[in-house]
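Asker: below is the sequence, then the predicted model.
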Amino acid sequence: MNAYLFPLIAVVAWAGNNLVGKSSVDVISPAAISFYRWALAALVLTPFVLPSVWRQRHLVLANLFKFSVLGMLGVVAFQSLAYVAAASTSATNMGLIGAIVPLLTLLMSLLIMREPPTLGALGGGLLAFVGLGLLLSGGNLANLTAQGLNVGDGLLLLGATAYALYGVLIRRWQLPFGLWQSLYVQILLGLLWLLPAVVLSDSMALSRQAIPMVLYAGIAASIIAPYCWMAGIQRLGASNNSIFMNLVPLLTATGAVILLGESLNKGHLLGGGLILTGVLLSQWVKKPLFQLQAEAT
(Lines give C-alpha, C1' and ligand atoms only; values in the text may rest on other atoms or scores of the structure.)
Protein backbone atom coordinates (compact mmCIF):
# COMPACT_ATOMS: atom_id res chain seq x y z
CA MET A 1 0.00 0.00 0.00
CA ASN A 2 1.35 3.43 -0.97
CA ALA A 3 2.55 5.20 2.19
CA TYR A 4 0.73 8.41 1.23
CA LEU A 5 -2.61 6.63 1.25
CA PHE A 6 -2.48 6.18 5.04
CA PRO A 7 -2.67 9.89 6.01
CA LEU A 8 -5.02 10.53 3.10
CA ILE A 9 -7.49 7.93 4.40
CA ALA A 10 -7.21 9.47 7.87
CA VAL A 11 -8.00 13.03 6.78
CA VAL A 12 -10.88 11.88 4.56
CA ALA A 13 -12.36 10.03 7.55
CA TRP A 14 -11.98 13.06 9.82
CA ALA A 15 -13.48 15.41 7.23
CA GLY A 16 -16.37 12.99 6.87
CA ASN A 17 -16.87 13.09 10.62
CA ASN A 18 -17.44 16.85 10.41
CA LEU A 19 -20.22 16.16 7.90
CA VAL A 20 -21.64 13.46 10.16
CA GLY A 21 -21.61 15.89 13.07
CA LYS A 22 -23.59 18.46 11.11
CA SER A 23 -25.98 15.81 9.75
CA SER A 24 -26.63 14.49 13.26
CA VAL A 25 -28.47 17.66 14.31
CA ASP A 26 -32.17 16.82 14.93
CA VAL A 27 -31.38 13.10 14.46
CA ILE A 28 -29.54 12.26 17.68
CA SER A 29 -28.60 14.33 20.72
CA PRO A 30 -24.97 15.47 21.13
CA ALA A 31 -24.68 13.48 24.37
CA ALA A 32 -25.98 10.33 22.70
CA ILE A 33 -23.72 10.38 19.63
CA SER A 34 -20.72 11.27 21.80
CA PHE A 35 -21.33 8.44 24.26
CA TYR A 36 -22.33 5.77 21.74
CA ARG A 37 -19.43 6.65 19.46
CA TRP A 38 -16.78 6.13 22.11
CA ALA A 39 -18.58 3.15 23.66
CA LEU A 40 -18.50 1.47 20.26
CA ALA A 41 -14.81 2.30 19.80
CA ALA A 42 -14.03 0.88 23.26
CA LEU A 43 -16.02 -2.27 22.50
CA VAL A 44 -14.15 -2.88 19.24
CA LEU A 45 -10.73 -2.23 20.82
CA THR A 46 -11.30 -4.25 24.00
CA PRO A 47 -10.36 -7.74 22.70
CA PHE A 48 -7.13 -6.42 21.21
CA VAL A 49 -6.00 -3.88 23.80
CA LEU A 50 -7.46 -4.80 27.19
CA PRO A 51 -5.06 -7.71 27.91
CA SER A 52 -1.97 -5.49 27.61
CA VAL A 53 -3.64 -2.68 29.57
CA TRP A 54 -4.55 -5.12 32.32
CA ARG A 55 -0.95 -6.29 32.56
CA GLN A 56 0.05 -2.65 33.05
CA ARG A 57 -2.84 -1.81 35.43
CA HIS A 58 -0.56 -0.65 38.23
CA LEU A 59 1.14 1.76 35.87
CA VAL A 60 -2.27 2.92 34.63
CA LEU A 61 -3.40 3.64 38.19
CA ALA A 62 -0.19 5.56 38.86
CA ASN A 63 -0.97 7.82 35.88
CA LEU A 64 -4.74 7.89 36.34
CA PHE A 65 -4.98 11.67 36.84
CA LYS A 66 -3.04 12.38 33.64
CA PHE A 67 -5.12 9.89 31.67
CA SER A 68 -8.28 11.45 33.08
CA VAL A 69 -7.23 14.97 31.98
CA LEU A 70 -6.31 13.70 28.51
CA GLY A 71 -9.62 11.86 28.22
CA MET A 72 -11.54 14.96 29.22
CA LEU A 73 -9.69 17.19 26.73
CA GLY A 74 -9.34 14.87 23.75
CA VAL A 75 -12.36 12.58 23.97
CA VAL A 76 -14.95 14.80 25.64
CA ALA A 77 -14.21 18.51 25.15
CA PHE A 78 -12.97 18.54 21.56
CA GLN A 79 -15.41 16.01 20.10
CA SER A 80 -18.53 16.66 22.18
CA LEU A 81 -18.37 20.44 21.82
CA ALA A 82 -18.28 19.97 18.04
CA TYR A 83 -21.52 17.97 18.16
CA VAL A 84 -23.18 20.69 20.25
CA ALA A 85 -21.80 23.43 17.99
CA ALA A 86 -23.18 21.73 14.87
CA ALA A 87 -26.66 22.98 15.74
CA SER A 88 -25.64 26.62 15.26
CA THR A 89 -22.78 26.62 12.77
CA SER A 90 -21.91 25.09 9.41
CA ALA A 91 -19.87 22.00 8.60
CA THR A 92 -17.56 24.29 6.63
CA ASN A 93 -16.85 26.35 9.75
CA MET A 94 -16.28 23.14 11.70
CA GLY A 95 -13.51 22.17 9.30
CA LEU A 96 -11.92 25.61 9.01
CA ILE A 97 -11.90 26.40 12.72
CA GLY A 98 -10.43 22.97 13.40
CA ALA A 99 -7.55 23.95 11.11
CA ILE A 100 -6.20 26.38 13.72
CA VAL A 101 -5.39 23.56 16.17
CA PRO A 102 -1.74 23.32 15.00
CA LEU A 103 -1.23 27.05 15.59
CA LEU A 104 -2.88 26.93 19.00
CA THR A 105 -0.62 23.98 19.81
CA LEU A 106 2.43 26.04 18.89
CA LEU A 107 1.22 28.86 21.15
CA MET A 108 0.63 26.52 24.08
CA SER A 109 4.00 24.86 23.50
CA LEU A 110 5.53 28.31 23.86
CA LEU A 111 3.67 28.95 27.12
CA ILE A 112 3.83 25.49 28.71
CA MET A 113 6.88 23.80 27.20
CA ARG A 114 8.88 27.03 26.92
CA GLU A 115 9.73 26.18 23.32
CA PRO A 116 11.34 29.07 21.42
CA PRO A 117 9.02 30.79 18.93
CA THR A 118 9.80 30.59 15.23
CA LEU A 119 9.43 33.18 12.50
CA GLY A 120 6.87 30.94 10.81
CA ALA A 121 4.81 30.62 13.99
CA LEU A 122 4.71 34.40 14.45
CA GLY A 123 3.88 35.25 10.84
CA GLY A 124 1.57 32.28 10.40
CA GLY A 125 -0.22 33.04 13.64
CA LEU A 126 -0.91 36.63 12.61
CA LEU A 127 -2.22 35.54 9.20
CA ALA A 128 -4.41 32.85 10.74
CA PHE A 129 -5.74 35.29 13.37
CA VAL A 130 -6.87 37.71 10.65
CA GLY A 131 -8.27 34.79 8.66
CA LEU A 132 -10.21 33.55 11.67
CA GLY A 133 -11.72 37.01 12.14
CA LEU A 134 -12.81 37.11 8.48
CA LEU A 135 -14.24 33.60 8.74
CA LEU A 136 -16.25 34.32 11.89
CA SER A 137 -17.52 37.65 10.56
CA GLY A 138 -18.54 36.42 7.11
CA GLY A 139 -15.82 38.47 5.45
CA ASN A 140 -16.53 41.75 7.24
CA LEU A 141 -14.72 42.29 10.53
CA ALA A 142 -17.22 45.01 11.49
CA ASN A 143 -19.91 42.32 11.73
CA LEU A 144 -17.93 40.55 14.43
CA THR A 145 -17.82 43.73 16.52
CA ALA A 146 -21.49 44.51 16.00
CA GLN A 147 -23.03 41.04 16.27
CA GLY A 148 -20.55 39.19 18.44
CA LEU A 149 -19.39 35.59 18.10
CA ASN A 150 -21.78 32.90 16.96
CA VAL A 151 -22.41 30.39 19.78
CA GLY A 152 -21.47 27.41 17.64
CA ASP A 153 -18.25 29.00 16.42
CA GLY A 154 -17.38 29.93 20.00
CA LEU A 155 -17.82 26.32 21.08
CA LEU A 156 -15.62 25.16 18.20
CA LEU A 157 -12.90 27.59 19.28
CA LEU A 158 -13.16 26.29 22.84
CA GLY A 159 -12.91 22.72 21.57
CA ALA A 160 -9.92 23.55 19.35
CA THR A 161 -8.17 25.12 22.34
CA ALA A 162 -8.86 22.00 24.42
CA TYR A 163 -7.42 19.76 21.72
CA ALA A 164 -4.34 21.95 21.36
CA LEU A 165 -3.77 21.66 25.11
CA TYR A 166 -4.27 17.91 24.77
CA GLY A 167 -1.52 17.73 22.15
CA VAL A 168 0.92 19.65 24.33
CA LEU A 169 0.19 17.66 27.50
CA ILE A 170 0.45 14.26 25.83
CA ARG A 171 3.89 15.29 24.56
CA ARG A 172 4.98 16.78 27.88
CA TRP A 173 3.89 13.86 30.05
CA GLN A 174 5.34 11.12 27.78
CA LEU A 175 3.25 8.35 29.33
CA PRO A 176 4.99 4.96 29.12
CA PHE A 177 2.32 3.22 27.04
CA GLY A 178 1.77 2.24 23.44
CA LEU A 179 -0.46 4.51 21.35
CA TRP A 180 -3.39 2.09 21.30
CA GLN A 181 -3.15 1.38 25.02
CA SER A 182 -3.05 5.09 25.80
CA LEU A 183 -6.02 5.82 23.52
CA TYR A 184 -8.02 2.95 25.01
CA VAL A 185 -7.58 4.15 28.60
CA GLN A 186 -8.42 7.71 27.57
CA ILE A 187 -11.62 6.47 25.90
CA LEU A 188 -12.70 4.57 29.02
CA LEU A 189 -12.13 7.60 31.24
CA GLY A 190 -13.74 9.84 28.64
CA LEU A 191 -16.88 7.71 28.87
CA LEU A 192 -16.94 8.38 32.62
CA TRP A 193 -16.61 12.12 31.95
CA LEU A 194 -19.59 11.85 29.57
CA LEU A 195 -21.91 10.24 32.15
CA PRO A 196 -23.23 13.56 33.58
CA ALA A 197 -24.16 14.69 30.05
CA VAL A 198 -25.85 11.34 29.48
CA VAL A 199 -27.88 11.67 32.68
CA LEU A 200 -28.88 15.28 31.93
CA SER A 201 -29.64 14.70 28.24
CA ASP A 202 -33.27 15.00 27.17
CA SER A 203 -32.89 11.94 24.96
CA MET A 204 -30.43 9.10 24.45
CA ALA A 205 -32.58 7.52 21.74
CA LEU A 206 -30.77 5.77 18.92
CA SER A 207 -32.95 5.85 15.83
CA ARG A 208 -32.41 3.80 12.67
CA GLN A 209 -31.28 6.97 10.92
CA ALA A 210 -28.67 7.66 13.62
CA ILE A 211 -27.08 4.18 13.62
CA PRO A 212 -24.92 4.75 10.49
CA MET A 213 -23.70 8.03 11.99
CA VAL A 214 -22.63 6.32 15.22
CA LEU A 215 -20.97 3.50 13.26
CA TYR A 216 -19.02 5.97 11.15
CA ALA A 217 -17.96 8.12 14.10
CA GLY A 218 -17.12 5.10 16.28
CA ILE A 219 -15.19 3.05 13.74
CA ALA A 220 -14.05 5.20 10.80
CA ALA A 221 -13.23 8.39 12.73
CA SER A 222 -12.18 6.83 16.06
CA ILE A 223 -10.30 3.66 15.02
CA ILE A 224 -9.48 3.54 11.30
CA ALA A 225 -8.40 7.19 11.06
CA PRO A 226 -6.04 7.09 14.09
CA TYR A 227 -4.52 3.81 12.86
CA CYS A 228 -3.89 5.21 9.37
CA TRP A 229 -2.51 8.43 10.83
CA MET A 230 -0.06 6.56 13.04
CA ALA A 231 0.90 4.30 10.12
CA GLY A 232 1.58 7.41 8.05
CA ILE A 233 3.85 8.84 10.74
CA GLN A 234 5.83 5.59 10.82
CA ARG A 235 6.30 5.56 7.04
CA LEU A 236 6.59 9.26 6.17
CA GLY A 237 7.73 10.93 9.38
CA ALA A 238 5.74 13.32 11.57
CA SER A 239 6.51 16.48 9.56
CA ASN A 240 5.56 15.08 6.15
CA ASN A 241 2.51 13.40 7.61
CA SER A 242 1.25 16.56 9.35
CA ILE A 243 0.93 18.42 6.04
CA PHE A 244 -2.02 16.17 5.13
CA MET A 245 -4.00 17.61 8.07
CA ASN A 246 -4.43 20.79 6.03
CA LEU A 247 -6.69 18.84 3.68
CA VAL A 248 -9.37 18.38 6.36
CA PRO A 249 -10.96 21.86 6.00
CA LEU A 250 -10.80 21.67 2.20
CA LEU A 251 -12.39 18.22 2.12
CA THR A 252 -14.99 19.26 4.70
CA ALA A 253 -15.96 22.37 2.72
CA THR A 254 -16.18 20.40 -0.52
CA GLY A 255 -18.33 17.73 1.09
CA ALA A 256 -20.53 20.33 2.78
CA VAL A 257 -21.26 22.03 -0.54
CA ILE A 258 -21.88 18.80 -2.47
CA LEU A 259 -23.61 16.67 0.14
CA LEU A 260 -25.21 19.14 2.55
CA GLY A 261 -26.01 21.98 0.15
CA GLU A 262 -24.00 24.57 2.06
CA SER A 263 -22.80 27.68 0.23
CA LEU A 264 -19.45 29.40 0.59
CA ASN A 265 -19.24 33.14 1.26
CA LYS A 266 -16.28 35.48 1.01
CA GLY A 267 -15.52 34.90 4.68
CA HIS A 268 -14.99 31.20 4.01
CA LEU A 269 -12.78 31.87 0.99
CA LEU A 270 -10.72 34.75 2.38
CA GLY A 271 -10.64 33.60 5.98
CA GLY A 272 -10.08 29.95 5.15
CA GLY A 273 -7.33 30.83 2.70
CA LEU A 274 -5.49 32.95 5.28
CA ILE A 275 -5.89 30.30 7.99
CA LEU A 276 -4.45 27.57 5.79
CA THR A 277 -1.65 29.85 4.58
CA GLY A 278 -0.80 30.71 8.17
CA VAL A 279 -0.77 27.06 9.21
CA LEU A 280 1.48 26.09 6.28
CA LEU A 281 3.82 29.01 7.03
CA SER A 282 4.14 27.92 10.66
CA GLN A 283 4.96 24.36 9.54
CA TRP A 284 7.50 25.25 6.87
CA VAL A 285 9.40 28.23 8.30
CA LYS A 286 11.24 26.89 11.34
CA LYS A 287 13.88 29.60 11.81
CA PRO A 288 13.98 30.66 15.49
CA LEU A 289 12.68 34.20 16.04
CA PHE A 290 15.31 35.05 18.64
CA GLN A 291 18.10 33.96 16.27
CA LEU A 292 16.68 36.30 13.66
CA GLN A 293 16.69 39.17 16.17
CA ALA A 294 20.28 38.41 17.15
CA GLU A 295 21.41 38.49 13.51
CA ALA A 296 19.67 41.83 13.03
CA THR A 297 21.61 43.38 15.91
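Answerer: Perfect, I can see it now.
Asker: surely T105 and T161 touch.
Answerer: No - with contacts counted by CB atoms under 8 Å, T105 stays clear of T161, the gap being 9.9 Å. C-beta: built from backbone N, CA, C; applies to glycine.
Asker: in which helix or strand would I find D153?
Answerer: Assigned by DSSP states H and E, D153 falls within helix 151-173.
Asker: packing partners of that helix?
Answerer: On a contact count with 3 or more CB pairs under 8 Å, 6 or more residues apart in numbering; DSSP states H and E, helix 151-173 meets helix 64-70, helix 78-85, helix 91-98, helix 101-112.
Asker: what residues does the last one touch?
Answerer: Among residues not part of helix 101-112, those counted as contacts by CB atoms under 8 Å, 6 or more residues apart in numbering are 115-118, 121, 124-125, 128, 160-161, 163-165, 167-169, 171-172, 242, 245, 278-279, 282-283.
Asker: what's the angle from it to helix 78-85?
Answerer: Orientation of helix 101-112 against helix 78-85 (axes from the mean of the first three to the mean of the last three CA atoms, to 10 degrees) gives an angle of 130 degrees.
Asker: and helix 101-112, what's buried?
Answerer: For helix 101-112, a neighbour-count test (16 or more other CB atoms under 10 Å) marks V101, P102, L103, L104, T105, L106, L107, M108, S109, L110 as buried.
Asker: and if you look at the first one?
Answerer: Along helix 64-70, these residues count as buried under the neighbour rule (16+ other CB under 10 Å): K66, F67, S68, V69, L70.
Asker: quick one on the thing from earlier: turn the helices and strands packed on helix 151-173 into CSV, columns for mean pLDDT and distance to A256.
Answerer: Output for those, formatted as CSV (pLDDT from 0 to 100; distance: least, CB to CB, whole Å):
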stretch, mean pLDDT, distance to A256
helix 64-70, 94, 30
helix 78-85, 89, 14
helix 91-98, 84, 4
helix 101-112, 78, 19
